[in-house]
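J.: 3D model of this:
(one chain, ligands or ions: 1)
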Amino acid sequence: MKLLRHGPKGQEKPGIVDANGTVRDLSGKIDDIAGDVLSDAGLAQLTTIDIDSLPEVAAGARLGPCVGRVGKFICIGLNYSDHAAETGAEVPAEPVIFNKWTSAICGPNDDVEIPRGSQKTDWEVELGVVIGKGGRYIEEADAMSHVAGFCVVNDVSEREYQLERSGTWDKGKGCDTFGPLGPWFVTRDEIDDPQNLDMWLEVDGKRYQNGSTQTMVFQVPHLVAYLSRFMSLQPGDVISTGTPPGVGMGQNPKVFLKPGQTMRLGIEGLGEQQQRCVES
Ligand code: ZN
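T.: Predicted structure coming up:
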């Protein structure tokens, strides 16, 4: 299933994509794409609904972030060997963990606001993992049963704030609108192999990132198990699993986003996003 949230900012309703690609409204059936709905039982319940009987959502309606009530937005850094190389960093011995604040979350096609004074706003297409079943000390062999599904994430990053302003990376990662999620959340049964998905990102039509989740260093089951040693994972948590090469910081000379530019990005089977960059 492809589940989504549609409507104005802060008032999103749940929806589902039907077999013809039409968005249908689910608000008569569930309150949100969040919490218990993301459990195996909750998702199984949705498969019993006659999708074609649901009201159609007008074409062109705004899509919100594809998961609601995200409790934690956890990111993995330097998780593609070739991306680590372009940034001049070593592949870490253990996963690098950092946070995006949940206030950064926005719809897949919402404007991305370049923060005031920013000179180094950058892009990162990433595979997002949505937790469906919570847990602590999760075994790697059991990890995928805790995953509800996947979505596209743009881990928008301000490199000066991230790397030159002292402290952790979080300063440059969690600015408002730095976390587009969607267009939809795809349940894990629809993705045969999350470690074999093509992913790409363009700015104003120029392709910068062209990768595959095949080159991920620490793979999804390992990341879920690893994170659960340091925190309990909860339904609706989103893990953004790192980016392949081709970020702006990795260009020679470096390239950063300017107001008026447009990012387009996508992952095989998970859909596409498009964001216009605007001044904050
Ligand atoms: Zn990232």
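J.: Residues of the stretch 51-200 of the chain that sit close to the ion?
T.: 124, 155 (Cβ under 5 Å from the ion). The way it works is simple: take the backbone N, C-alpha and C, and place the C-beta from them, glycine included.
J.: Sketch out the low-pLDDT regions of the stretch 51-200 of the chain for me.
T.: By pLDDT under 70, the stretch 51-200 of the chain has no low-scoring segment.
J.: Nearest to the ion within it, name that residue for me.
T.: Nearest to the ion, among the residues of the stretch 51-200 of the chain, is Asp155, at 3.4 Å (Cβ to the ion).
J.: can I assume that residue is in contact with Thr241?
T.: No. The criterion here is Cβ atoms under 8 Å, and Asp155 misses it with Thr241 at 9.5 Å.
J.: Now do the helices in the stretch 101-250 of the chain.
T.: Counting by DSSP state H, counting those that start in this stretch, the segments of the stretch 101-250 of the chain that form helices are 159-163, 220-227.
J.: Next, the contact list for the closest residue to the residue of the stretch 51-200 of the chain closest to the ion other than its chain neighbours, please.
T.: Here the nearest residue to Asp155 in space, its sequence neighbours aside, is Glu124; by Cβ to Cβ, 6 or more residues apart in numbering that works out to 3.9 Å. In this structure, Glu124 makes contact with 154-157, 201, 209, 243, 247, judged by Cβ atoms under 8 Å, 6 or more residues apart in numbering.
J.: who's in contact with stretch 206-220?
T.: Residues outside stretch 206-220 that contact it (Cβ under 8 Å, 6+ apart) are 76, 78-84, 91, 95, 123-125, 127, 129, 143-144, 147, 194-202, 226, 241-248, 251, 255, 265, 267.
J.: ugh, wrong one, I meant stretch 225-238
T.: 34-36, 38-39, 67-74, 94-95, 97, 128-140, 143, 146, 148, 151, 153, 181, 218, 224, 239.
J.: swap in stretch 262-270?
T.: With Cβ under 8 Å, 6+ apart as the test, stretch 262-270 has contacts from 112, 123, 125, 127, 150-152, 154, 184, 186, 190-191, 197-205, 209, 213, 257, 272-277.
J.: can you check stretch 163-179 too?
T.: 65, 73, 75, 77, 98-101, 103-106, 110-113, 115, 153-162, 280.
J.: residue ranges of the strands in the stretch 51-200 of the chain, please?
T.: According to DSSP state E, counting those that start in this stretch, the stretch 51-200 of the chain carries its strands in the segments 73-77, 96-99, 105-106, 112-114, 121-122, 125-131, 147-154, 157-158, 179-180, 185-187, 198-203.
J.: Now mean neighbour count too, for those strands, in CSV please.
T.: Formatted as CSV, these follow (neighbours: other Cβ atoms under 10 Å):
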stretch, mean neighbour count
strand 73-77, 25
strand 96-99, 16
strand 105-106, 24
strand 112-114, 23
strand 121-122, 25
strand 125-131, 27
strand 147-154, 27
strand 157-158, 26
strand 179-180, 28
strand 185-187, 24
strand 198-203, 20
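J.: Many thanks, we can stop here.
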